[in-house]
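**Student:** Next input, structure requested:
(chains A, B and C)
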Amino acid sequence: MQKPLGPAISVKGLTREYVTRNFFGGVARTTSALSGIDFEVANGELFGLIGPNGAGKTTTIKILTTLLTPTGGDARILGLDVRKDLYEIRRRIGIVFGGERGLYNRVSAVDNLRYFSDLYGVDSSVARKRIPELLEVVGLSDRAQEKVEKYSRGMKQRLHIAKALVHDPELIFLDEPTIGLDPGGARDIRNMVRDLKAQGKTILLTTHYMFEAEELCQRIAVISKGKIVALDTPSELKNMVRDISVIELRTFEATMDYVEALRKLPNVVRVVADLDSEQQTIRVQTPLGADLLPKVTAALPAGARIIDRTIKEPTLEDAYLRLVEE
Amino acid sequence: MHELTPGKQTQGRVGRVIQVLRASVFLTSKLFFADPQWLIPNIIAPFIFTLVAFFLFSGQTSGSSFLLYLVLGSGLMGMWGTTIYASANSIGFDRWNGTMESTLAAPIPLSWIALGRVLFNTLQGVLNAVFILVIGLVWFRVGFTLVNPPAFFFASIMTFLSLSAFGLLMTTILLLSRKGGFITNSMEIPVYIATGTMFPVILLPVVYLPFAFMLAPTWGIEAIRLAALPGYVGLPTTYTVDMTIMVAETFAYLALAFFLFKRVEAYAKKMGTLEEY
Amino acid sequence: MKSTDGKSGLLSADSRLQMAWRVFRGAFFFGRKGLIIWDSWDMWVMQIFITPIAQIGFFAFLSVYLKYPSSVTQFIVIGNALQSMSFSAVFAVANITSQDKWQGTLPSTLVTPANRMALFIGRAWFQVLLSALIAAAGLLYAGTVFGVSFAQADFAGVALVVILTSVAMISFGLLISAVGLYMRTALIVANIFLFVTLLLSGVNFPVSELPVWLQPVAWVIPLTYGTEAVRMAISGASLQALLPVLGWEALDGLVVLIVGFSLFSAFESLSRKTGRFEEY
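**Tutor:** Reported below is the predicted structural model:
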């Protein structure tokens, strides 16, 4: 198919408000989900959209996939207007919804794909060839006739991807495609995303996992409170936190009190702790690097131990945290 | 990744509509056969109502044309049952199943998909009606000789279509309303009464008649009975008049349904979802 | 530590009773809360105002059309008025297990060592009230809209019949719940049963007109005694005259409850073997 000349996605000053109405139909509350975002995604680019829950990721995806009308601003998909050219856009994009939604569980994978290929108007003779090929690609060929309700979470997600590709879209939206998957299942999905990229598809990916975004995406937009707070390549985003290094501690029996004590130390930028497992991981961001270590050890309460400590380069996660917290 | 056959779109609007209808009928039937228990509530009420009526009728009258009158009416009740419960919920199913977003994201109007679902569900109602007819023939030995078979079959098919159109209209109402269970349950017996399934609508209080006359199947069953029963006296209308009114009302349902579907889709886009119930 | 008695770890009969009472009390409040959430106002309107009047009308008009004498029509109207409680009595109780399945709380309900009988009776009490209310509404329509005369009626007798029938039908609902626990859904069974009463329970015509082999089945359903008793009470029978019928109804309700409960326990262990709790 002929590639459009402009960018695959072009967003200018996009806003979206949700109006909650009260019992009498009056406006009770207006919440702003997107307050003016701009970005462009080039043809063939793998673009990431990351941000905390409620930051506006899903709203953005819904607008770009024509499921939601924007309140203001302009969004163009493959040169087409999301407000007017609904069906033309829908024919040329594929959407992978994360989670369990979006499949008919009581019929087989083949039935699901055939149904959606018909809804997307894929020529029947093409669909007959393409559906088995897609099942092969996502590794579901040998269980294609089984009811989807018997599938594992990972298999369902792979079927989701096949479903999104059934009409050979130019542009693919992946809304948290690896959420809730086990490590193996998530890796499969990431490999598929890489393959799609290699085929020249344009991809917009949202994810909760920073390492995933870092690994896959060419450029990443960080969205927070309805605004894009940074947009760059993963390495440039990491450069924003070049001024700090990270002391990563693995501890035993450390508590929130210790984390609070660390936060009060001078020259500590940020402390991120995972206290939920048997061994705790605490990351201390500081411009001092190893020089801070004596104070970190001194703050340790009686009974707790540091098992391991390393000085690390900041990751995308560190950059992300700085961006969304500021 | 392997080389995939490149996608190619079906050409022509008519071809597209047929493709979507076929897909929708196909999926609905697959889902139905995967879980056929939902047929039971749809047929059980009309079936038992008919049995009760058989007992009441058998004490009072003889003659097969009276029993055939009853069997035809209960067939209509059976079709109503599936229309009200299954068709009305045709898209509501997606809301429940979590496929609403995927359905809304397809590059076609929602009404096309709903129409396919409704057609299959109404077809279930036809099977239901045939089932009741067979019980009547075998168990109660109802005679099945028709005055005018072609007119009978034509009227039956048109009644089937008018019920489909009504089902489509119900789909939109249920998508826009949060009180689906209330609406469908409250409608069931009143429409059996209003369409004259078991006794002529003329017996009803006058206030009820406008409601009765607004339902296309009221005219459908009149036409069916005129074409089937010798010497049938019902409403003071002829077969042609009944059929004309039914067709006109069917088109009115369709027009209203398609208009409301546009509203539903606009609403969904404005709010971003139809998932919330 | 010195052992105080040999039964440590086992519950005495007395504390078992206390436990059952606690479970009953918990379920009692759950029953009310669950119903208010699930049965929102519209379902109430439907059950009290729309369905009874439509159903009575349907069969009353049919009788008029068939030119039956008004005594027959009145027979039909009264029968349907009482039968209209079945929806609430049978359906909602059957819903108790289905609702658990839907919300995924069935396993967590069943893993509790709670006394099942106390649990379900506790949840069903509200339905007794609602069922009685619906039947009373049905009889009100019979008197006001459909011309049934209550001039000779023994109102205390009518009230007694309505309440006893509600209780006995709830027992039947518990039996349906038991079947529903094992089958994929109780709603289908409840639906069939709901309409079968129209045919078998002397609602629209006397049980004696049924084929002989069906008549014993009719007398299993508590409603069959109820329709007979309520017609007697409306036509002026004394409480004493009602007692034999009501006695049989109470006995029937009790037997149904015990059978339902045994089935429940049996299906529960069968469900455990096949692991069917979560199917729907």
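**Student:** Can you give me the buried ones in the helix or strand A:A28 falls within?
**Tutor:** Applying DSSP states H and E as the criterion places A:A28 in strand A:27-41. Taking 16 or more other C-beta atoms under 10 Å in any protein chain shown as the basis for neighbour counts, the residues of strand A:27-41 that come out buried are A:S32, A:A33, A:L34, A:S35, A:G36, A:I37, A:F39, A:E40, A:V41. Yep, even glycine has a C-beta here, placed from its N, CA and C like the rest.
**Student:** how near is the nearest residue to the second one once chain neighbours are set aside to A:F252?
**Tutor:** In this structure, A:A33 finds its nearest non-sequential neighbour in A:T59, 4.3 Å apart by C-beta to C-beta, 6 or more residues apart in numbering or on different chains. Applying C-beta to C-beta, to the nearest Å, one obtains 42 Å for the distance of A:T59 from A:F252.
**Student:** Between the two, tell me which one has more neighbours.
**Tutor:** Using other C-beta atoms under 10 Å in any protein chain shown as the criterion, A:T59 and A:F252 rank with A:T59 on top: 23 against 12.
**Student:** Look at the more buried one and tell me its secondary structure.
**Tutor:** Using DSSP: H, G, I helix; E, B strand; the rest coil as the criterion, the local structure at A:T59 reads helix.
**Student:** got any ranges where the chain has weak pLDDT?
**Tutor:** If you meant another chain, say so; for now it's chain A. Flagging of chain A using pLDDT under 70 yields the residue ranges A:1-5, A:21-25, A:326.
**Student:** Can you look at chain C instead?
**Tutor:** Where chain C drops to pLDDT under 70, the residues are C:1-41, C:43, C:91-124, C:177, C:180-188, C:268, C:271-280.
**Student:** residues in it within reach of chain B, list them.
**Tutor:** Counting by C-beta under 8 Å from any C-beta of the partner chain, the residues of chain C close to chain B are C:42-43, C:45-46, C:50-51, C:54-55, C:57-59, C:61-68, C:184-185, C:187-188, C:191-192, C:195-196, C:198-199, C:204-205, C:209.
**Student:** change it to 7 Å
**Tutor:** For chain C, the residues found near chain B under the criterion C-beta under 7 Å from any C-beta of the partner chain are C:42-43, C:46, C:50-51, C:54-55, C:57-58, C:61-66, C:68, C:184, C:188, C:191-192, C:195-196, C:198-199, C:204-205, C:209.
**Student:** ok, now the stretch 151-300 of chain A?
**Tutor:** Near chain B, when you scan the stretch 151-300 of chain A using C-beta under 7 Å from any C-beta, you find A:H167, A:D168, A:D195, A:Q199.
**Student:** Grab the nearest non-local neighbour of the second one.
**Tutor:** Spatially, and ignoring its direct neighbours in sequence, A:D168 is nearest to B:G7 (2.7 Å; C-beta to C-beta, 6+ apart).
**Student:** The one you found reaches A:L165, doesn't it?
**Tutor:** No: under the criterion of C-beta atoms under 7 Å, B:G7 makes no contact with A:L165, lying 8.7 Å away.
**Student:** Which strand or helix spans B:I221?
**Tutor:** helix B:216-228.
**Student:** who touches that helix?
**Tutor:** B:68-69, B:72-73, B:76, B:146-148, B:151-152, B:155-156, B:158-159, B:162-163, B:166, B:194-197, B:201, B:212, B:232, B:234-235, B:237, B:239, B:242-243, B:245-246, B:249-250, B:253 (C-beta atoms under 7 Å, 6 or more residues apart in numbering or on different chains).
**Student:** Cross those residues against helices and list the overlap.
**Tutor:** Secondary structure defined by DSSP state H assigns B:68-69, B:72-73, B:76, B:151-152, B:155-156, B:158-159, B:162-163, B:166, B:194, B:212, B:239, B:242-243, B:245-246, B:249-250, B:253 of these to helices.
**Student:** Mind checking which of those are buried?
**Tutor:** For the ones in helices among the contacts of helix B:216-228, a burial check counting by 16+ other C-beta under 10 Å picks out B:68-69, B:72-73, B:76, B:151-152, B:155-156, B:158-159, B:162-163, B:166, B:194, B:212, B:239, B:242-243, B:245-246, B:249-250, B:253.
**Student:** Neighbours of residue 179, how many?
**Tutor:** Just going to use chain A. Based on other C-beta under 10 Å, the number of other residues close to A:I179 is 15.
**Student:** The intended chain is chain B.
**Tutor:** Using other C-beta under 10 Å as the criterion, the residues surrounding B:K179 number 17.
**Student:** In contact with it, which residues?
**Tutor:** Contact criterion C-beta under 7 Å, 6+ apart gives C:D42 as the residues in contact with B:K179.
**Student:** Equivalent analysis for B:L110, please.
**Tutor:** Under the criterion of C-beta under 7 Å, 6+ apart, the contact partners of B:L110 comprise B:I91, B:T103, B:L104, B:F261, B:V264, B:E265.
**Student:** Mind telling me what element the last one is part of?
**Tutor:** Meaning B:E265. In this assignment (DSSP H and E), B:E265 forms part of helix B:239-271.
**Student:** what about residue 215, helix or strand, and which?
**Tutor:** All of this refers to chain A. A:E215 belongs to helix A:210-216 when assigned by DSSP H and E.
**Student:** ah, I was thinking of chain C
**Tutor:** Per DSSP H and E: C:Q215 is located in helix C:215-218.
**Student:** One more: A:G154?
**Tutor:** For A:G154, the enclosing helix or strand under DSSP H and E is helix A:153-165.
**Student:** what does A:G99 give?
**Tutor:** In the assignment (DSSP H and E), A:G99 maps to no helix and no strand.
**Student:** Now for B:A165: which residues touch it?
**Tutor:** B:A165 is in contact with B:T250, B:Y253, B:L254, B:A257, counting by C-beta under 7 Å, 6+ apart.
**Student:** Let's see which of the residues of chain C next to chain B end up in helices.
**Tutor:** C:42-43, C:51, C:54-55, C:57-58, C:61-65, C:188, C:191-192, C:195-196, C:198-199.
**Student:** from those, which would you call buried?
**Tutor:** Of the members of those, the ones counted as buried by neighbours, 16+ other C-beta under 10 Å, are C:42-43, C:51, C:54-55, C:57-58, C:61-63, C:65, C:188, C:191-192, C:195-196, C:198-199.
**Student:** that older thread, between the contacts of B:A165, which is closest to A:A213?
**Tutor:** Proximity of the contacts of B:A165 to A:A213 (C-beta to C-beta) peaks at B:A257, which lies at 44.9 Å.
**Student:** Now do that closest one: how many residues are near it, please.
**Tutor:** Counted with other C-beta under 10 Å, the burial measure for B:A257 works out to 23 neighbours.
**Student:** Next: B:A86.
**Tutor:** 25.
**Student:** before we move on, what SS does it have?
**Tutor:** Secondary structure for B:A86, judged by three-state DSSP, is helix.
**Student:** Could you do the one 10 residues further on as well?
**Tutor:** Under the three-state scheme (three-state DSSP), B:W96 adopts helix.
**Student:** ok, so what distance separates it from B:G180?
**Tutor:** Summarising the geometry, the distance separating B:W96 from B:G180, computed by C-beta to C-beta, is 10 Å.
**Student:** of these two, who's got more company?
**Tutor:** Set B:W96 next to B:G180 and count neighbours by other C-beta under 10 Å: B:G180 wins out with 19 against 11.
**Student:** can you tell me which residues contact C:I50?
**Tutor:** With C-beta under 7 Å, 6+ apart, C:I50 has these contacts: B:S186.
**Student:** Pop out the phi and psi values for residue 146.
**Tutor:** Since you didn't name a chain, this refers to chain A. Reported as degrees, to the nearest 10, the phi and psi values for A:E146 are phi -80, psi 150.
**Student:** Can you look at chain B instead?
**Tutor:** Given degrees, to the nearest 10, the pair of backbone angles that B:L146 has is phi -100, psi 140.
**Student:** If you tally nearby residues, what's the number for it?
**Tutor:** In terms of burial, B:L146 registers 15 neighbours under the definition other C-beta under 10 Å.
**Student:** just to revisit the earlier point, same for the strand holding A:A28, what does it pack against?
**Tutor:** strand A:9-21, helix A:57-64, strand A:227-232 (3 or more C-beta pairs under 7 Å, 6 or more residues apart in numbering or on different chains; DSSP states H and E).
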